[in-house]
Structure formats: C-alpha cells, structure tokens
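>>> what shape does this take:
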Amino acid sequence: MRSLACTLVLFAATARAAPPVELVETAPVETTLDHADIPEAADVWQKMIAGANKTIDLAEFYVAAAPASRLTPILDGLVAAATRGVRVRLLVDDGFAKHEGAALAALAATGKLEIRRLDLHARTGGILHAKYFLVDRAEAYLGSQNLDWRSLTHIQELGVRVRVPAVVATLADLFETDWTLAGAAADTPARMHTHAPDPYPLTVGEGKERMELTAVASPAGLLPDPRLWELPRLVALIDGAKKSVRVQLLTYRADFAELDAALRRAAARGVEVQLLVADWCKRKGVVEGLQRLALVPHVAVGFLDIPPAKSGFIPGPHGGVYASTTAHQLRQTMRNQLDNLEEAGMNFDQVVSTNVYLDDLSDAPAFDEVYAQYFNHVMPARTTIEQIAPTQRVPDKEDHYPDLEQVSLIAIRSSPAR
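Purely as a prediction, here's the structure:
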C-alpha cells in the first residue's frame, strides 16, 4: 500500500516521560495493558490543543466521532482554539472522507477550521495515512492513533509528543507539502522544503536519557527531502541490529519483500527477532507469511488478542455488522472491505465485480443508496441474490441482529502497490 505517513524511529531510548520526547499511549478499556507512568493520548492531545497560541496543523487519515466519547473534548478544543484566534488546519484523506464524513462535516459546519482533502490515489494510487499534528510549530504529536474515538478507547496505540525543533520542522515541511498538494491539480508538483536538509540522526538528552532520533516518511516521490524515505532507513536499522529486533504492528505482510528479507537476514546473524501483531493477522492470506517466518531460527511471532469490552461488540458507524437495518450493516461491511482492499494497496475504484446477498430483496433500494456512495463514477458489475426466505429480524441475547446483507467483491490492481 502506498501511503503518505510519517514514522519516528527511536534508537536506544531510555527516557519515557521527560522532554524532549515523551512516550504516550492508549490502553484499551477494561484491560491490564495500561502503564501508569505513560500518559494517555486523549489527555495529552487536550493539553496540547488547549495550549496553542498561533497554529494547529493536523494531518489525519480520517475523523470519526461518537457522542460523549474521549474524542469529543478534543474536537471541541479544536473549535475553541480557532474561536480564540488560533489558525487550525485539518488535512484528511479524500477517499476515506467519503465514507467517514459525518464528523468532518460537523467540523466544517462550524466555519472555524480550514479543511482540505488530499486525493493521493489520483497521484500515486495510495492513501494519506498520516497521523500527526503540530502546535505553534514548537511541538508535535506523532503516533498510531487515528482521529477516531475508538483509537482513544478500545485500541492499543502508541505515540510520541516531540519538542525537538528539527523533527517538528521535518513534519512542518511534510504538512505544507501535503496541504499544497490538496489544493492543487493532480499533476502539480509540490515540495515545501524550507528547513535544514536531513539533520538525522539527532542525539538528544544525556546519560541514561540519551537517545537518537530520525524522522522518516513515505512515499519517496512526494517527500520534501527524498533522503528521508522510510523504507531504506528501516532496512538499514534492521541490518545494523546486533542483539535484538522487536516489532509490534497491526498487520505484517510477508510479501513486503524488503522488510521480510531484512528480518530474515537479522535472524541468520543470530539476532533475536520478535514480532507482535494483531489477532486479525490470523486471517487467510496473511497468516501464511507469518507462519513461514516463524519457522526461521531466532524468530518468534506472537498474536495480541484483546477480548470484547463489557459494553459488547464495538461497532462501526450506526451499529456495525450487527445493526438492525440493512443500510447500517452495509456501512460496516463496506468499511471492512475497504480495510481489505487497502491492505492490498487498492481501493473501491479497482473493484470490477461484486456479489450481493440480501436477506430480503425489498431492501434493495435502501441497500443501493448506501452502496453507491462507495464508488465514484463507474459501478462494478453486480449480481444480487435473495438466498432464502427473509429471516425474523429480532436481536439475540447480546442484542445482535441477524445478517441482513453480505458483499463479496473482485478487484484488479491497476497500479503498483508501492
């Protein structure tokens, strides 16, 4: 998947809570994954936004809100900051904004924020997968959290609050580049490089708090400084390991040959390689690569499985796959399908055929209204079937309604994934 993201690589970092770099986490509710000495992202975000005097620049994949959630005071804080005279700019991915548009529309309706949507697919076939923001060009937050209430409540996430001028400057150049691209034609070049070129690695702190920092990003073709492309830097980091490599991520795909080969080279040198991935990597098409990698001596693979919260299944918009209506179930189904497509470096524009299974064909108009929102101009070929007589639409003891729709699809890659 080609995505415009930014990753901060920390070398031998021992300090946790003190400037210039502060580790920040989100621990899923009702779990023991919380660290008492690491602040929560929701609290840190609120403090950073409340302390802004001049500017707040946010580059995010998307925005997803829920009433009275941990994200609510953060979005309210952005509006309040703009109201008191702070310039607030929000940049999101254009493709995903079409599917997660409610919170974005609510922010736009205030008339306080400047909002742009970057169609990176038109340029590279990828997405804007950025998750960072800058305050007064003096500090920045960079992490795995989306601007999504679930990322602050139900998902294990990690990030850093950074007060290192060179790193903040690198992120500022990235933001200005993307902000300019979002307001320009698809074939317009834009590289906003106004700060010192590639000062990395930086050494900050002293003694036990000494650390080396390198800010990297992707894709290479759209970076203000192409030397900061993350792939060769990550490969070099792994190739330089002498004792251990520990990796925790959402998804690992062994068909990303450069990184998979680097991990195998490290293991062949006797370096202990440990991978911790989300349990959804057990899915067919993903788990096989991990199984092959786990057979390599000095490689260990673990799966993190977070149990359901007491509140029950955490749905997508309007109730998710267990909602009471076909339209609401379909929104979550299509979001799940988008996740699958993005893992393969594709999106709905590359879908050529779908099979739709409805519990009741009389739901077709409601289904069509939602379904059409996920395709731009040319609708894929489609077969729609009612398999059996409509089921009784009553929830089970967990308040889950039966499946009212299913969608399978075929997509063809039309451009390189990376």
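>>> now do the phi/psi pair for F256.
Main-chain torsions, F256, degrees, to the nearest 10: phi -80, psi 80.
>>> from V277, how far off is it?
Separation of F256 from V277 (Cβ to Cβ, to the nearest Å) stands at 13 Å. The C-beta positions use only the backbone N, C-alpha and C, and glycine is treated the same way.
>>> looking at these two, which is more packed in?
Neighbours per residue (other Cβ atoms under 10 Å) separate F256 from V277, with V277 holding more: 20 against 15.
>>> A strand includes the more buried one, no?
Yes. Secondary structure of V277 (DSSP: H, G, I helix; E, B strand; the rest coil): part of a strand.
>>> what's the span of stretch 183-200 from first residue to last?
The straight-line separation of the ends of stretch 183-200 (Cα to Cα, to the nearest Å) is 30 Å.
>>> what mean pLDDT does that stretch get?
On average, the pLDDT along stretch 183-200 is 72.
>>> under the pLDDT cut-off, which ranges of this structure? List them.
1-18, 186-193, 308-323, 395-400, 414-418 (pLDDT under 70).
>>> so where do the helices sit in the stretch 301-418 of the chain?
In the stretch 301-418 of the chain, the helices defined using DSSP state H, counting those that start in this stretch lie at 326-343, 364-371.
>>> likewise the stretch 151-300 of the chain?
So, for the stretch 151-300 of the chain - with DSSP H, counting those that start in this stretch - the helices run 165-182, 230-239, 257-268, 287-294.
>>> what packs against the second one?
In other words, helix 230-239. Helix 230-239 sits against strand 3-11, strand 211-218, helix 257-268, with contacts defined as 3 or more Cβ pairs under 8 Å, 6 or more residues apart in numbering; DSSP states H and E.
>>> at 6 Å instead, please
strand 211-218, helix 257-268 (3 or more Cβ pairs under 6 Å, 6 or more residues apart in numbering; DSSP states H and E).
>>> now the helices of the stretch 301-418 of the chain in a markdown table, with mean neighbour count and distance to T180?
Output for the helices of the stretch 301-418 of the chain, formatted as a markdown table (neighbours: other Cβ atoms under 10 Å; distance: least, Cβ to Cβ, whole Å):
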| stretch | mean neighbour count | distance to T180 |
| --- | --- | --- |
| helix 326-343 | 19 | 24 |
| helix 364-371 | 16 | 34 |
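>>> distance to Y132 for the ones you listed - can I get that in CSV?
Listed next are the helices of the stretch 301-418 of the chain as CSV, based on distance: least, Cβ to Cβ, whole Å:
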stretch, distance to Y132
helix 326-343, 19
helix 364-371, 32
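>>> closest one to V247 among these?
The closest of the helices of the stretch 301-418 of the chain to V247 is helix 326-343. By Cβ to Cβ, the value is 17.2 Å.
>>> okay, now the domains of this structure?
3-237, 240-304, 317-411 (automatic domain parsing).
>>> thinking again about what came up before, which one, of the helices of the stretch 301-418 of the chain, ends up nearest to D93?
Proximity to D93, assessed across those by Cβ to Cβ, is greatest for helix 326-343 (10.2 Å).
>>> against which helices or strands is the closest one packed?
The helices and strands touching helix 326-343, judged by 3+ Cβ pairs under 6 Å, 6+ apart, are helix 364-371, strand 405-411.
>>> so can I have CSV of the ones you listed showing distance to E288?
Listed next are the helices and strands packed on helix 326-343 as CSV, based on distance: least, Cβ to Cβ, whole Å:
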stretch, distance to E288
helix 364-371, 31
strand 405-411, 20
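>>> among the ones you listed, which is nearest K112?
Across the helices and strands packed on helix 326-343, closest to K112 is helix 364-371 (Cβ to Cβ), at 29.9 Å.
>>> and that closest one with helix 326-343, angle?
Counting by axes from the mean of the first three to the mean of the last three Cα atoms, to 10 degrees, helix 364-371 lies at 40 degrees to helix 326-343.
>>> what residues does helix 364-371 touch?
Under the criterion Cβ atoms under 6 Å, 6 or more residues apart in numbering, residues 326-327, 330 lie in contact with helix 364-371.
>>> could you rerun that using 8 Å?
325-327, 330-331, 334, 356, 358, 384, 405 (Cβ atoms under 8 Å, 6 or more residues apart in numbering).
>>> same thing with stretch 73-86?
Contacts for stretch 73-86 (Cβ under 8 Å, 6+ apart): 42, 45-46, 49-50, 52-56, 58, 63, 65, 88, 90, 103, 106-107, 110, 112-113, 147, 152.
>>> list the buried residues in that stretch.
Using 16 or more other Cβ atoms under 10 Å as the test for burial, stretch 73-86 gives 73-75, 77-78, 80-82, 86.
>>> can you check stretch 22-33 too?
22-28.
>>> for that stretch, measure first residue to last.
18 Å.
>>> what residues does that stretch touch?
Residues outside stretch 22-33 that contact it (Cβ under 8 Å, 6+ apart) are 16-17, 34-35, 38-42, 44, 141, 143, 145, 151-162, 306-307, 309-310.
>>> so who does A50 touch?
Going by Cβ under 8 Å, 6+ apart, the list of residues near A50 reads 77, 81.
>>> at 7 Å what do you get?
Going by Cβ atoms under 7 Å, 6 or more residues apart in numbering, A50 touches G77.
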